[in-house]
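> All I have is the shape, not the residue letters:
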């Protein structure tokens with residue numbers, strides 16, 4: 001077992017992780033819009049379907065880009081690859097849940113601040129950024145560890 005990295009090196013690849021997140025979000029949003037238009041998203045079922053497809057493609061994009069550009073390392077196969085993919089997916093779903101909970105809490109706190117029209121966006125942005133730090137660390141030290 002190798003010695004732990006000094007804390008200053010923990011975030012060396014975070015800028016890449018952040019950029020991959022932007023790319024994945026773009027894929028998700030674009031997919032959601034396209035699928036929503038194709039299946040019709042006025043009804044709840046169509047809207048939910050478009051979100052599930054978008055989230056799946058966005059998460060897949062994030063996995064592939066992070067595997068290649070952020071965390072690198074040797075390519076796995078068999079059970080090790082399935083473990084890596086499972087951990088990445090579980091981390092993404094957990095991160096989504098944490099973002100929702102944090103966002104709801106921040107939304108209530110921010111309601112009393114100036115510019116109430118922006119409190120939803122600001123709450124979500126702060127929650128997503130905070131969550132991204134934790135999902136990055138989990139992926140770095142558990143999902144993509146060699």
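Ah, there it is. Since the model is a prediction, treat every value here as computed from it, not as a measurement.
> now for the lengthiest helix in the chain, which elements pack on it?
Taking DSSP state H as the criterion, the chain has its longest helix at helix 78-110. Where contact means 3 or more CB pairs under 8 Å, 6 or more residues apart in numbering; DSSP states H and E, helix 78-110 is packed against helix 44-65, helix 119-138. Placement of C-beta: from N, CA and C, glycine included.
> if we go to 6 Å?
Counting contacts by 3 or more CB pairs under 6 Å, 6 or more residues apart in numbering; DSSP states H and E, helix 78-110 is packed against helix 119-138.
> buried residues in the helix it packs on?
119, 123, 124, 126, 127, 128, 131, 132, 135, 136, 138 (16 or more other CB atoms under 10 Å).
> mind listing what the second one touches?
Spelled out, that is residue 123. 103, 106, 107, 110 (CB atoms under 6 Å, 6 or more residues apart in numbering).
> and the longest helix of the chain, what's its mean pLDDT?
Mean pLDDT, helix 78-110: 91.
> got the angle between that helix and helix 44-65?
120 degrees (axes from the mean of the first three to the mean of the last three CA atoms, to 10 degrees).
> Report the angle between helix 78-110 and helix 119-138.
Here helix 78-110 runs at an angle of 150 degrees relative to helix 119-138 (the same axes, to 10 degrees).
> so how far is helix 78-110 from its chain's centroid?
Computed by CA atoms, centre = their mean, to the nearest Å, the chain-centroid distance of helix 78-110 equals 7 Å.
> Of all the residues in that helix, which ones are buried?
Quick answer for helix 78-110 (16+ other CB under 10 Å): 84, 87-88, 91-92, 95, 98-99, 102-103, 106-107, 110.
> residue contacts, the spatially closest residue to residue 113 that is not a sequence neighbour?
Sequence neighbours aside, residue 119 is the residue nearest to residue 113 in space, at 6.6 Å (criterion: CB to CB, 6 or more residues apart in numbering). By CB under 6 Å, 6+ apart, the residues touching residue 119 are 107, 110, 111.
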